[in-house]
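**Student:** Quick one: sequence and predicted model below, then my questions.
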Amino acid sequence: MRAHTHPVHPLLVPEISLLVAEDVVALWEAMETERGAQSEPPFWAAAWPGGQALARYVLDHPDLVAGRTVLDLGSGSGLVAVAAALAGAHSVVASEIDPFGKAAIGVNAQVNGVAATISVVGDVLDGEPPSVAAVLAGDVCYDRAMTERVLPFLDAARAAGAEVLIGDPGRQYLPADRLEGVSVVDVPDTEGPLVRRTTVWRLP
């Protein structure tokens, strides 16, 4: 992980230092060599638009998380978890399934001085949502299967009283018709020179 990433300050959240891949293909190959098996791409090694927009929103509205317990769902690099911790969250649970992603969250939390606030767990979608005040979910509706898994979890969290915020750059699987937009920003694309109009949504 350290050999194939370097620290950057994402343009939308320059307050945060984040490890990202210098060469995604090289990192992916190194991961498969380490594991001795095929693996999913290193989605955790980029500052995705939804995560950047959500992190920016949390930093600009610290009252959403200050003094509270927060779940960062699909944490990836831990960008949103770090933002929540910097905004004053009492504790942050970062849920990530990739072992290398989990390690990256720990490193990114340490670099940003919030390691004591963030705990890292694996997949939580098959159980009941934890008792938290807010669920933050960046870039979780990237395909149909994941969306079908994540939406019932988010609905259950909202029904239990948690504030639910989703960051997404307009992916087709996001059910925007049942969400409320609270912020719109342009985020530099992780895969090219363009920007992506990205919305932070609230589950009413």
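**Tutor:** Nice, thanks for sending it over.

**Student:** contacts, neighbours, all on C-alpha from now
**Tutor:** Will do.

**Student:** any idea which helix or strand carries the residue nearest the centre of the chain?
**Tutor:** Geometric centre of the chain, nearest residue: residue 75, 3.7 Å, by C-alpha atoms, centre = their mean. Here residue 75 is covered by no helix or strand, with elements defined by DSSP states H and E.

**Student:** That one and residue 204: what is the separation?
**Tutor:** Distance, residue 75 to residue 204, using C-alpha to C-alpha, to the nearest Å: 22 Å.

**Student:** same question, residue 67
**Tutor:** Taking C-alpha to C-alpha, one finds residue 67 at 22 Å from residue 204.

**Student:** Repeat that for residue 87.
**Tutor:** Noted for residue 87: a distance of 23 Å to residue 204, by C-alpha to C-alpha.

**Student:** The two: which is more packed in?
**Tutor:** Taking other C-alpha atoms under 10 Å, residue 87 and residue 204 do not tie; residue 87 has more neighbours (20 against 12).

**Student:** wait, the more buried one sits on residue 59?
**Tutor:** Yes - with contacts counted by C-alpha atoms under 8 Å, residue 87 reaches residue 59, the gap being 5.5 Å.

**Student:** Show me what the lengthiest helix in the chain is packed up against.
**Tutor:** Longest helix in the chain by number of residues (criterion: DSSP state H): helix 144-159. Contacts defined by 3 or more C-alpha pairs under 8 Å, 6 or more residues apart in numbering; DSSP states H and E place helix 144-159 against strand 163-168.
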